[in-house]
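Visitor: A structural model of the following input is requested.
(one chain, ligands or ions: 2)
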Amino acid sequence: MILVTGGAGFIGANFVLDWLKGLDEPVLNVDKLTYAGNLGTLRPLEHDGRHIFRQADICDRAALDELLAQHKPRAILHFAAESHVDRSIHGPADFVQTNVVGTFTLLESARAFWSALPEAEKKAFRFLHVSTDEVFGSLCATDPQFTETTPYAPNSPYSATKAGSDHLVRAYFHTYGLPVLTTNCSNNYGPYQFPEKLIPLMIAHALAGKPLPVYGDGQNVRDWLYVADHCAAIREVLGRGVPGETYNIGGWNEKKNLDVVHTLCDLLDAARPKTSGSYRDQITYVKDRPGHDRRYAIDARKLERELGWKPAETFETGLAKTVRWYLDNQAWVDEVASGEYRKWVETNYAQRA
Ligand code: NAD
Ligand code: DAU
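Guide: Ligands and ions are numbered 1, 2, ... in the order given. Predicted coordinates:
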């Protein structure tokens, strides 16, 4: 069995659903169920004996020790994190707690469990840490993409705490020999993404007739990857990655935010036309994110070269699938857009007016 942390969130849940579609190996899913964790996403696995869900905080050492002793996973895939940059600006403490203290606690628990394993199991064990390209900081328009050797230069409390967690993971390999793997991925999009992030937020606001809030001049660049491609890359790294190595994951899909919003509007105009005008008419420029990184871009050649991974989706095919999914699953969006979500939207956007 494998242990997944954060498997009720966007990428973790996609990973668990995809894993159990293709394999019979059970998954122990450990998630605190913060605002970003939704058991509704895992409803297709409700009666599936291969999926065991446990609500627990990765900062709770005793709970982790007990789960490891009871279920004896062959690998830990660590997705759990506070993940939204804007929230990290409003409240960095939760990010330090989960991303740094939580990862440290999980590493300590994993180390104790792993140290006591018989030699063959010890050798086969893996701790895969899911991280982000934001740890590398911000690029100018002409800079080359981030590689695995780009120096760390995080700029937000979110990316600083992810960088801290990456360093701890690295240290556990060098100091204790824990067989770790780290992946640094670019911006994901796809089904089940919480509507605080750019793409699902714009779709939800467009359909609700609300303003589409573009930060600053809308010229910031992100490198987009369809979530199923990220999950496929993680499976490759888990299976054949070399312990101690890091792997960049990206789709070679650099886009300016404004272009992404325009494309979304055009897809919605075609799929769900308004009675008059275009969704583009709802675009509004709002106050920029403090410390807003200008450009992220991933060089994913190591993963391609060493493990043969390539994304299956282009940005066009992935985005069309994503828009279709949100149109067909508005009940999921309504379910996750709780009172807490509405409060967050008020907090984040009122001050940008
Ligand atoms: P998410 O916010 O959608 O989900 C995070 C999950 O972690 C939630 O289910 C939440 O309940 C859980 N969680 C939070 N704190 C916890 C704690 N203390 N204990 C246990 N569970 C806890 O995040 P996501 O977008 O799915 O990102 C998953 C991982 O991938 C993160 O580590 C993130 O840094 C990384 N990542 C995300 C992206 C992206 O574009 N979304 C890109 C690259 C890397
Ligand atoms: O690069 C990987 C990272 O991508 C992950 O590590 C993070 O967990 C994930 O949240 C994401 O971070 P970003 O800050 O890039 O994603 P977000 O969707 O918040 O914003 C994408 C871009 O869109 C960014 O330049 C800010 C802009 N934006 C965002 C929102 C929510 C807007 O213009 N308006 C908005 O309302």
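
Visitor: Next, the contact list for residue 285, please.
Guide: Counting by Cβ atoms under 8 Å, 6 or more residues apart in numbering, residue 285 touches 214, 216-218. (Each C-beta comes from the backbone N, C-alpha and C, glycine too.)

Visitor: One more: residue 115?
Guide: Residue 115 neighbours (Cβ under 8 Å, 6+ apart): 122, 176.

Visitor: Look up phi and psi at the residue in the stretch 201-350 of the chain that ligand 2 sits nearest to.
Guide: At 3.5 Å from ligand 2, residue 215 is the closest residue in the stretch 201-350 of the chain, using Cβ to the nearest ligand atom. Dihedral pair for residue 215: phi -70, psi 140, per degrees, to the nearest 10.

Visitor: Show me what from the protein comes close to ligand 1.
Guide: With the criterion set to Cβ under 6 Å from any ligand atom, the chain comes near ligand 1 through 5-6, 8-12, 31-34, 36-37, 57-59, 79-83, 98, 102, 130, 132, 162, 185, 187-188, 194.

Visitor: Can you pull the phi/psi pair for residue 18?
Guide: The phi/psi pair for residue 18 (degrees, to the nearest 10) is phi -70, psi -40.

Visitor: And for it, the neighbour number?
Guide: As a burial measure, residue 18 scores 17 neighbours (other Cβ atoms under 10 Å).

Visitor: do residue 297 as well
Guide: 20.

Visitor: for the closest residue to it other than its chain neighbours, phi and psi?
Guide: The shortest distance from residue 297 to any non-neighbouring residue, by Cβ to Cβ, 6 or more residues apart in numbering, is to residue 145 (4.1 Å). Main-chain dihedrals, residue 145, degrees, to the nearest 10: phi -60, psi 160.

Visitor: ok, now residue 124?
Guide: Backbone torsions for residue 124, taken as degrees, to the nearest 10, come to phi -80, psi -20.

Visitor: Could you tell me the model confidence score at it?
Guide: We have a pLDDT of 98 for residue 124.

Visitor: if I look at it, how far off is residue 117?
Guide: If you measure residue 124 against residue 117 using Cβ to Cβ, to the nearest Å, the figure is 9 Å.

Visitor: thinking again about what came up before, ok, now which ones touch the residue nearest to residue 297?
Guide: Counting by Cβ under 8 Å, 6+ apart, residue 145 has contacts 139, 223, 250, 297-299.

Visitor: what do you get if the cut-off is 10 Å, keeping everything else the same?
Guide: When contacts are counted by Cβ atoms under 10 Å, 6 or more residues apart in numbering, residue 145 touches 133, 136, 139, 186, 223, 248, 250, 252, 254, 295-301.

Visitor: Which residue in these has the weakest pLDDT?
Guide: Within the contacts of residue 145, pLDDT is lowest for residue 252, at 95.

Visitor: Understood, closing this out.
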